[in-house]
Each structure stands twice: as structure tokens, then as C-alpha cells.
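Visitor: What shape does this take:
(2 chains)
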Amino acid sequence: MERNKLSRRHFIQMSAFGVGSLLLFPQCSPQLRKSSWRFFSVEEAFLMDTIVEQIIPTDEWMGARDAGVTNFIDKQLVGPYVRFQEKYRNGLSAIQSSCHILFRKPFEELSWDEQTGFLKMMETGKLSQTLESRDPSQKGEKIWENNFDRSFFNLVCDHTMQGFYGSPRHGGNKDYVSYRMIGLDYPFTIGQNRYKS
Amino acid sequence: MKKILFTTLLVLAILFIVGALSFGSFYAYWNTASPDRTCASCHEISSSVKSFSGSSHQKMHCKECHGTALSNGLHSLKEKGMMVVNHIREERVEDIRMNESQVLNVMENCVRCHASEYANWKSGGHSATYKDIFLDVTHNQTEQLNFDCLRCHGMFFEGTTADVVEPINTQGPWKLKDPKKAGQPAIPCLACHQVHADGAIAQAPDYSKPASIFYQRTDSVSKVSFYDRHEKEHIRSEMLPKLKLFEGEYQVPVSEDPLMRNCTQCHAPNGWHQAGTSDDRTPRGVHQGLSCTSCHEPHSNNARNSCVKCHPAISNCKLDVTTMNTTYANPKSPNNIHWVSCKDCHKNQKSKIGNEK
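Guide: Below you'll find the predicted structure:
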């Protein structure tokens, strides 16, 4: 009982925080936020949507984009997957740089087949073998070091699967789409024993 | 000396008045402005406000269901204060959930508008309290209390069955760990309803299109959702799995009614989905394919007078169906109304219904 008591110091601390924060409320206005995402910028999130849709495309069931896989990855990147933040920032930037070199346009503007072809190059590690930066200050430097293209593709692919097939509570698998697609009844329908069985 | 005292008191009084006016104005603004400008300012609440804005309750204000920052006294203030503290500490709280006492507080506000539904619920079996469910001696002696009880009873309780009742055995005597829970409803409104679920506000029909008034009328999504304790979220009834039910190897046709999927989440057969096992009451026999809601009222679960909805006063057998030898007329009848078949009475005649041979 004693433990649940609000101490005077705690009360004053909370009141000070509370009153002080009221002044900061306008900063929380949605219009002033740079991105509605937690980690990704708006551009990065758009790119992620395009990539994950390539990995699990829409057919008669919604694909990874509509199932909220980008939301899942974004949510995990500020939580348990915080260690992958740098990889995502560098990886997404490298994808756009590579697309500008190869196609002179960003990944999202490539045709479906071009996108698939590009991701296949990533998957097989071909980009790290060939592409060099065109930035004069980094001339000769590779955009994808040490097979990063391959490892980053695998990372995104793994996270896409987790987001699409995992529980919706983690941010993906909207409306249990993957469960319904594979015919997994959820929540499980099972009654109490009710004495006889 | 007197002058200093007077000045100090005056300054304090002015400060108090200014403070009270500022706080009062802010509080009044907070409780009347659009949730987009107030509650949604907190990132943690914005997703709830977003879902609410597409619901059939969208014209209401948050405080009408959730109360104000002061309506629960210091408890609310402490809670809101901790939200700010957690926010500043960057301890991300993605999905804010109501605890059980908040769910019950919201329920009290449901009653203000849905008095008739509440009265019906109160008169039916789903208004059972913690005492009714967890201190049922016959049940506890026959089937041991276990972790899964809370899936359908006390689904908002934060803890395990062992935190609700003791001892966990079939000997008893049983008592609630928190005696205050005895009178609390174990299946509150939010067990089957999600206030923030997608839904349109009811509108008068378009009289220029008579067909849309009746047979071409399109309803919005269903008003029923099942609260899944494991996921800590509601699942719309049409997204719930349709029950697959078997009599041996024969698959029993089950109604397509999405509302029934809510019922079968709890009134379900065993893990093999064999008809009539566990708490399964899916209509079979002559009532095969009917939904629970074909006979039971949604809130009171009352099924009295349900026969007349479908049956003529005198049946094809030239008998009044309400007086036939079924559990409808007599609870002790061997012919359960949920699965009574033609063969139960016409033993030597062939039947073409369901699995009857």
C-alpha cells in the first residue's frame, strides 16, 4: 500500500513536467512534424513501400505495402531493431544512388520489371561488384561495400516476412491478411471443456 | 511591515487568479475543441483519434466516453502526468490501452445513450459478474479453473486467473483475491463492441431512390467486434474465422452471419471442432444453417418467442412447434433445440437433412 503512495517529490516533479510541457504542445502539432513516421523520412517510407511490395506483391490478397510492412519496420527500428537504423539509412540511400547511376531516376519511378531486376542484382551481390560513386569527392569509392547490397536485401526481405506473417500487434499483417491467406483461423476457435469431452 | 505583508498577499492573490483563469481557460478549451487539436497532439493517442474519426461515434467528444483529466481525481492527473514524463524520457508507448477500470468507466458512459441495450444486457447471461463466473461451485468442482477462463470472462483483467481467484483446484472453497471485483461485470460492453470501429453515422434514406431504402440498402460494417485478450485488440466480426464444424467427418453447414462468429469464439466446440462438444451450440438438424441471432436477441440473448419468427402457427406436422418435445418447451427434454432433427421423433423415416441417414 505504502509503495503506491505518490511522494511529494514525485508529485512536484510530475506537475512541473506537466505544466512545462503544456507550453510545448504546439510543437506536437501534426502539421509541424517533419514526418508522420517514427524513423523513416517520408521519402524513405515511400521507397520502403515500393521495395516491400516487390517482395510480397498484391494479388487477390493485399501485398506487403497495404499490409503495413513499412509501418512494422518503422516501428521496430525505434524499438527492438534500433541496431539496424544505420543499415537502413545507408541502404536506402545507396539504393537511390545506384538507381540514379543505372536508370537516372529513383527506384519508385522504375517499371515493375526494372525494380525486380534491380532487387535481383542486390540479392546476388552484383551491385557491390560494379557500382562506384559518381560523387567527385568520393571518386573510386564503391556505393555498396563488402556485399552490403546482398546483406541489406536479405535484411529487408527478413523484416518484410516478419511484418507480413507476424502478429498485427507489431504493426504489420493488417487485418490478419496473411493468416487468412494461408487459411489459419485466428483467433483459434476452441471452447471450454464443459464437462463431457 | 504591514505594507510588505499586504503587497505579498496581493501579489499571491493576483498570481492565483491569473493561474486559475489560465488553467480554467486551457481546461475549458481542452474539453471542447476538436480532438484533432487536443488529444491527438499526443503522438501516443493520435492513432486512437484517427480510428475514432472514422467511426459511427465520430461526432462525439473524447471526454463523453473517457471523462476529463479531472473526472477521476488524482488518478487521472497522475496518469496524464506520466504520459508527459514518458514522452520526455522518450520511452515510446505506441498503443495506449485502457485498463479494466477505465473500460468499466467507459461502459458507464455507454449506458447514457444505449439505455435499452444496457437493460437487455443486464437481463441476460452476459451480465454475469466475477462472482457469478469464478465462484460457481458446480463449475469449479467439475472443471478446474485455468488460464484460458479469461479469454471469455474478465478479458480486460490485467493478470492471470490465479490473480483473480484462489485456490486453483477443484476442491475449493474459492474466493476472489480482490473482493471488490465480485460485483464487476466479467463481460462488459467492450467485450463485443469496439467504439472506435469503422462505421457510418445512421442517416435518413434517400427517398428519391426507393430501392435503396429497402432491398438495395447497403449497411456499413458490422457493429460487433471480438476483444482478443492475447492481441489486446478488437477484431471485427467479419474478420473472425467462420466456424468449421464436423459431425464425424461430415462438415456441418454453418451460417455465414458474421455476428455468429463472435458467438462461436466462446461458445465453441473442442479442438477437433466436433459438433456438440465443449460449449458448442451451433444449430444443426432441422435448424442447420441458422445463425445464433436468428433466435437469440443480441443483448438479452432471450430466445423466447423466437419460433414465431420463422414458423407458421401450425407446422407442417400439424403441430404447434413451441409445444413439441424439445428443450424449448421443456429444459429436461432429450431433444436439444439447437440440434433436434426430424429423426428424433420420426425414428423410422428417411431424412434428407444434414447428416441424418
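Visitor: Report the central residue of chain A.
Guide: For chain A, the residue nearest the mean C-alpha position is residue A:73 (2.6 Å; Cα atoms, centre = their mean).
Visitor: So it belongs to a helix, correct?
Guide: Yes. Under DSSP: H, G, I helix; E, B strand; the rest coil, residue A:73 falls within a helix.
Visitor: show me what contacts it?
Guide: A:48, A:52, A:81, A:88, A:156, A:159, A:160, A:163 (Cβ atoms under 8 Å, 6 or more residues apart in numbering or on different chains). Just so you know, the C-beta spots here come from the backbone N, C-alpha and C atoms, and that holds for glycine as well.
Visitor: please redo it, this time with the cut-off set to 6 Å
Guide: Residues counted as contacts of residue A:73 (Cβ atoms under 6 Å, 6 or more residues apart in numbering or on different chains) are residue A:159.
Visitor: Count residues in the vicinity of the closest residue to residue A:132 other than its chain neighbours, would you?
Guide: Spatial nearest neighbour of residue A:132, excluding adjacent residues (Cβ to Cβ, 6 or more residues apart in numbering or on different chains): residue A:142 at 5.6 Å. By other Cβ atoms under 10 Å in any protein chain shown, the residues close to residue A:142 number 17.
Visitor: Look up phi and psi at residue A:142.
Guide: phi -80, psi 140 (degrees, to the nearest 10).
Visitor: Now do the same for it: its pLDDT.
Guide: Residue A:142 is assigned 78 on the pLDDT scale.
Visitor: Same question for the one 3 residues further on.
Guide: With respect to pLDDT, residue A:145 has a value of 85.
Visitor: So what's the residue count around it?
Guide: Count around residue A:145 with other Cβ under 10 Å applied: 11.
Visitor: Excluding sequence neighbours, find me the nearest residue to it.
Guide: Spatially, and ignoring its direct neighbours in sequence, residue A:145 is nearest to residue A:128 (6.8 Å; Cβ to Cβ, 6+ apart).
Visitor: any idea which element residue A:87 lies in?
Guide: In the assignment (DSSP states H and E), residue A:87 maps to helix A:85-103.
Visitor: Give me the buried positions along that helix.
Guide: Neighbour counts using 16 or more other Cβ atoms under 10 Å in any protein chain shown place A:87, A:88, A:91, A:92, A:94, A:95, A:96, A:97, A:98, A:99, A:102, A:103 of helix A:85-103 among the buried residues.
Visitor: what's downstream of it, the next helix or strand?
Guide: helix A:112-124.
Visitor: Just name whatever secondary elements that following helix is in contact with.
Guide: In terms of contacts (3 or more Cβ pairs under 6 Å, 6 or more residues apart in numbering or on different chains; DSSP states H and E), helix A:112-124 is packed against helix A:148-165.
Visitor: Measure how the helix it packs on sits relative to helix A:85-103, angle-wise.
Guide: Angle, helix A:148-165 to helix A:85-103, by axes from the mean of the first three to the mean of the last three Cα atoms, to 10 degrees: 110 degrees.
Visitor: what residues does helix A:148-165 touch?
Guide: A:52, A:55-56, A:64, A:67, A:69, A:72-73, A:91, A:122-123, A:125, A:127-128, A:172-173, A:178.
Visitor: could you point out which element follows it?
Guide: helix A:177-181.
Visitor: does chain B sit close to that next one?
Guide: No. Judged by Cβ under 6 Å from any Cβ of the partner chain, helix A:177-181 makes no contact with chain B; its nearest approach is 7.9 Å.
Visitor: again with stretch A:167-174
Guide: Yes. Stretch A:167-174 lies within reach of chain B by Cβ under 6 Å from any Cβ, at residue A:169.
Visitor: which SSE is the residue nearest to residue A:145 in?
Guide: Using DSSP H and E, the element containing residue A:128 is helix A:126-130.
Visitor: same thing with residue B:262?
Guide: Assigned by DSSP H and E, residue B:262 belongs to helix B:258-266.
Visitor: just how off-centre is that helix within its chain?
Guide: For helix B:258-266, the distance from its own C-alpha centre to the chain's C-alpha centre is 11 Å (Cα atoms, centre = their mean, to the nearest Å).
Visitor: mind listing what's buried in it?
Guide: B:258, B:259, B:260, B:261, B:262, B:263, B:264, B:265, B:266.
Visitor: Now for the last one: which residues touch it?
Guide: Under the criterion of Cβ under 6 Å, 6+ apart, the contact partners of residue B:266 comprise residue B:152.
Visitor: so where's chain B uncertain?
Guide: Scanning chain B for pLDDT under 70 picks out B:1, B:73, B:218-222, B:313-317, B:349-357.
Visitor: Which positions in it make contact with chain A?
Guide: Listed as neighbours of chain A in chain B under the rule Cβ under 6 Å from any Cβ: B:41, B:81, B:84-85, B:142-143, B:228, B:231, B:239, B:241, B:243, B:264, B:268-271, B:277-279.
Visitor: Any quick PyMOL command for the buried ones out of these?
Guide: With 16+ other Cβ under 10 Å as the criterion, this PyMOL line picks the buried residues out of these:
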select buried, chain B and resi 41+81+84+85+228+239+241+243+264+268+269+270+277+278+279
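Visitor: Restricted to strands, list the residues of chain B next to chain A.
Guide: residue B:228 (DSSP state E).
Visitor: what's the helix or strand for residue B:234?
Guide: Using DSSP H and E, the element containing residue B:234 is strand B:233-236.
Visitor: Same question for residue B:309.
Guide: Per DSSP H and E, residue B:309 falls inside helix B:307-310.
Visitor: now residue B:63
Guide: helix B:62-66.
Visitor: Domain parsing of chain B, as residue ranges.
Guide: What automatic domain parsing lists as the domains of chain B is B:62-94, B:97-198+B:219-239, B:241-357.
Visitor: for the record, mean pLDDT for the helix holding residue A:87?
Guide: On average, helix A:85-103 scores 95.
Visitor: Wait, residue A:61 touches residue A:181, no?
Guide: Yes. In this structure, residue A:61 is within contact of residue A:181 by Cβ atoms under 6 Å, at 4.6 Å.
Visitor: my guess is residue B:56 contacts residue B:198, does it?
Guide: No. Between residue B:56 and residue B:198 there is no contact under Cβ under 6 Å: 8.4 Å.
Visitor: Same drill for these two, tell me which one is more crowded.
Guide: Counted by other Cβ under 10 Å, residue B:56 and residue B:198 do not tie: residue B:56 has more neighbours, with 17 against 13.
Visitor: Now do the contacts for that one.
Guide: B:199, B:201 are the contacts of residue B:56 under Cβ under 6 Å, 6+ apart.
Visitor: do the same with residue B:229
Guide: Per Cβ under 6 Å, 6+ apart, neighbours of residue B:229: B:151, B:155.
Visitor: where exactly do the strands run in the stretch 101-250 of chain B?
Guide: B:165-166, B:175-176, B:225-228, B:233-236, B:245-247, B:250-252 (DSSP state E, counting those that start in this stretch).
Visitor: Kindly compare burial across the ones you listed and name the winner.
Guide: Among the strands of the stretch 101-250 of chain B, the stretch with the highest mean neighbour count (mean count of other Cβ atoms under 10 Å in any protein chain shown) is strand B:225-228, at a mean of 22.
Visitor: What pairs with that strand, parallel or antiparallel?
Guide: Strand B:225-228 pairs in its sheet with strand B:233-236 (antiparallel), by DSSP bridges.
Visitor: Pull the residues that contact the partner strand.
Guide: Residues contacting strand B:233-236 (Cβ under 6 Å, 6+ apart): B:194, B:225, B:226, B:227, B:228.
Visitor: check contacts around the first one.
Guide: Neighbouring residues of residue B:194 by Cβ under 6 Å, 6+ apart: B:225, B:234.
Visitor: Would you report the backbone torsion angles of it?
Guide: According to degrees, to the nearest 10, residue B:194 has phi -110, psi 110.
Visitor: Is it correct that residue B:275 is in contact with residue B:248?
Guide: No. Contact criterion Cβ under 6 Å: residue B:275 and residue B:248 do not qualify, at 8.9 Å.
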